[in-house]
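A.B. asks: Need the 3D shape of this:
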Amino acid sequence: MSILEKPLGKFSVFISNNKFTSAIIHGITISIPVTIIGGLATLITAAPDPTILAEGTFFRGVLEFWSSLAAGSLGVFSTFVNNVTMNMIAVYCLLAITYRLADSFKLERMTSCMTSLIVFLMVACTFDTGISMSFLGGRGLFFAMFVACLSVFITHLLFERNIKITLPDSVPPNVAAPFEQLIPLIVNIIVFYVLNQICVGLTGVIIPEFIMNIFKPLLSASDTLPAMLIYAFLLNALWIIGVNGGNIVNSVMSSILLINLAENAEAYAAGQPLTHIFCYSPNTSIMNPGGSGAALALVIAALIVAKSDHLKAITRIGGAGTIFNISEPIVYGYPIVLNSYLFIPFILVPMLNTTVWYFLMRLDIVGKMFINVPWVLPAPIQLFLATLDWKTIIIWIVLIVVNVLIYIPFVKMYDNHLLKEQGIETSEQ
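C.D. replies: Have a look, this model is predicted:
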């Protein structure tokens, strides 16, 4: 484990300190409220069919009321909200990434955002019959990252070489700043126009389409069981050596998972089958209910069998947080780091959950996720809101029971070890 700790620690520092990767991660994180609002709007319009329930029942009435809202003016409003949130997520990520990256290079942030938005729309959109939105949503997310990084880098290079319009010192900074950005804006427009023409000439498609074609195999691979198991393994196994698995793995995967979620949302809105199983945010509720290592099951197991003062105290303090998927007090308090008793279930339980959910969704036994919901919601609520399938709650309960049963013998062994230590300390005193 110590062999891995050093390189993984260096990689984590690189991700945090590198201006480009840090801006991308922060940009996607900043855009999460947009996806949640879009998800809530989709939730209003995505009323389940009331006929699935017996006539005259209370819940049938609830679904009929929900359907009436979706069919009325509230449904029209919600569709509009979804169009300007989820269907334009690439634009918001573009602006957020540009803003963070420009700030790290000490550039004027708002004019940098304007520059990146101009070149993004210039390449990604057609204006023959209104603005084309095909690359403003999830399909344009990779291109948005490319534009944000390259446009800010070009501006930085020009400013570094003092290639800008410099006005006299007597001119106020707020007046001078737009003129300083004029040459970088012109250069960016020319560079992206030329790059796009070269791309069209060589491949027959514009840059956003070309980038999507490059990443299609990766997007397809991300939705396979091996990919999901690798993700679940790394997400939890890295905690064993004291490295935050989420920071490492999600720095690579978050953009891909966000695209999957956006494409599922678009498919649902269009009445088409949902294709992606592995999606942003709600995926944690299927792998890790309660937080890292399926911490809720670990806490319940400790409540059932733990007798040592240490486990009982930490469970009392941090156990309630796992209801809302906050597991750090448990991970650091038990602790999980280098814990030879708990590391096996901490890794294997999420992988078991992942496998079960994968096959249930792949075989269409339960619905796939298409709505982003806040990660602090209890997992069964997350699953229902993300899929609008009540069966997910039943399966979640069954899996939690199985998870607890797996954890119990390991918790018992660790608890016995702690009791022995407690007895030695007592005898010494």
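A.B. asks: Spatially nearest residue to residue 418, not counting backbone neighbours?
C.D. replies: Nearest non-adjacent residue to residue 418, counting by Cβ to Cβ, 6 or more residues apart in numbering: residue 308, 3.7 Å away. All C-beta atoms are positioned from the backbone trio N, CA, C, and that covers glycine.
A.B. asks: With residue 27 instead?
C.D. replies: Using Cβ to Cβ, 6+ apart, the closest residue to residue 27 is residue 97 (3.3 Å).
A.B. asks: Now for the one you found: which residues touch it?
C.D. replies: If you count contacts by Cβ atoms under 8 Å, 6 or more residues apart in numbering, residue 97 has them with 23, 24, 26, 27, 28, 144, 145, 148, 149.
A.B. asks: go again using 6 Å as the cut-off
C.D. replies: Contact analysis of residue 97 by Cβ atoms under 6 Å, 6 or more residues apart in numbering lists 23, 24, 27, 148.
A.B. asks: Please apply the same query to residue 307.
C.D. replies: residue 415.
A.B. asks: In three-state terms, how would it be classified?
C.D. replies: coil (DSSP: H, G, I helix; E, B strand; the rest coil).
A.B. asks: pLDDT score for it?
C.D. replies: pLDDT for residue 307: 90.
A.B. asks: Most neighbours out of the contacts of residue 97, which is it?
C.D. replies: Of all those, the highest neighbour tally under other Cβ atoms under 10 Å goes to residue 148, namely 31 neighbours.
A.B. asks: Report all helices and strands that the stretch of helix or strand that residue belongs to contacts.
C.D. replies: Assessed by DSSP states H and E, residue 148 sits inside helix 141-160. When contacts are defined as 3 or more Cβ pairs under 6 Å, 6 or more residues apart in numbering; DSSP states H and E, helix 141-160 sits against helix 89-104, helix 109-124, helix 182-203, helix 207-222.
A.B. asks: try 7 Å
C.D. replies: Counting contacts by 3 or more Cβ pairs under 7 Å, 6 or more residues apart in numbering; DSSP states H and E, helix 141-160 packs against helix 89-104, helix 109-124, helix 182-203, helix 207-222, helix 245-269.
A.B. asks: ok, now how distant is the residue nearest to residue 27 from residue 29?
C.D. replies: Applying Cβ to Cβ, to the nearest Å, the value for residue 97 to residue 29 is 10 Å.
A.B. asks: What are the buried residues along stretch 408-417?
C.D. replies: By neighbour count on 16 or more other Cβ atoms under 10 Å, the buried set for stretch 408-417 is 408, 410, 411, 412, 414, 415.
A.B. asks: Surely the fifth one and residue 341 touch.
C.D. replies: I take that to be residue 414. Yes - shown here, residue 414 and residue 341 form a contact pair, counting by Cβ atoms under 7 Å, at 3.7 Å.
A.B. asks: Show me how the protein divides into domains.
C.D. replies: With domains defined by automatic domain parsing, the chain comprises 19-219, 223-428.
A.B. asks: Mean neighbour count, these: which tops it?
C.D. replies: Sort those by mean neighbour count, taking mean count of other Cβ atoms under 10 Å, and domain 223-428 sits at the top with a mean of 19.
A.B. asks: Need the residues that contact stretch 71-78.
C.D. replies: Under the contact criterion Cβ atoms under 7 Å, 6 or more residues apart in numbering, stretch 71-78 has outside partners 41, 44, 45, 69.
A.B. asks: now do stretch 100-109
C.D. replies: 19-20, 23, 26-27, 99, 112, 148-149, 152, 155-156, 159, 177, 181.
A.B. asks: Name the nearest of those relative to residue 321.
C.D. replies: Closest approach between the contacts of stretch 100-109 and residue 321, by Cβ to Cβ: residue 26, at 24.6 Å.
A.B. asks: quick one: contacts for that closest one?
C.D. replies: Contacts of residue 26 (Cβ under 7 Å, 6+ apart): residue 100.
A.B. asks: Give me the next element, helix or strand, following the host helix or strand of it.
C.D. replies: Assigned by DSSP H and E, residue 26 belongs to helix 19-30. Using DSSP H and E, the helix or strand that follows helix 19-30 in sequence is helix 32-45.
A.B. asks: For that next one, list the C-alpha coordinates in CSV.
C.D. replies: Taking Å, rounded to 0.1, in the frame of the first residue of the first chain, the C-alpha atoms of helix 32-45 are listed here in CSV:
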residue,chain,number,x,y,z
ILE,A,32,-24.0,21.3,-10.7
PRO,A,33,-26.9,23.6,-9.6
VAL,A,34,-27.8,24.0,-13.3
THR,A,35,-28.2,20.2,-13.6
ILE,A,36,-30.2,20.0,-10.4
ILE,A,37,-32.6,22.7,-11.6
GLY,A,38,-32.9,21.0,-15.0
GLY,A,39,-33.5,17.7,-13.2
LEU,A,40,-36.3,19.2,-11.1
ALA,A,41,-37.9,20.6,-14.3
THR,A,42,-37.7,17.2,-15.9
LEU,A,43,-39.2,15.7,-12.8
ILE,A,44,-42.3,17.8,-13.2
THR,A,45,-42.8,16.9,-16.9
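A.B. asks: Distance from the chain centre to that helix, please.
C.D. replies: For helix 32-45, the separation from the chain centroid amounts to 14 Å (computed by Cα atoms, centre = their mean, to the nearest Å).
A.B. asks: again, but for stretch 26-33
C.D. replies: The mean C-alpha position of stretch 26-33 is separated from the chain mean by 9 Å, Cα atoms, centre = their mean.
A.B. asks: State the pLDDT value of the closest residue in space to residue 234 that isn't next to it in sequence.
C.D. replies: Distances taken as Cβ to Cβ, 6+ apart put residue 249 closest to residue 234, at 4.9 Å, once the chain neighbours are dropped. The per-residue pLDDT reported for residue 249 equals 76.
A.B. asks: Can you name the residues that contact residue 249?
C.D. replies: 231, 234, 235.
A.B. asks: gap between the residue nearest to the last one when sequence neighbours are not counted and residue 197?
C.D. replies: Nearest non-adjacent residue to residue 235, counting by Cβ to Cβ, 6+ apart: residue 245, 4.3 Å away. Taking Cβ to Cβ as the measure, residue 245 and residue 197 are separated by 43 Å.
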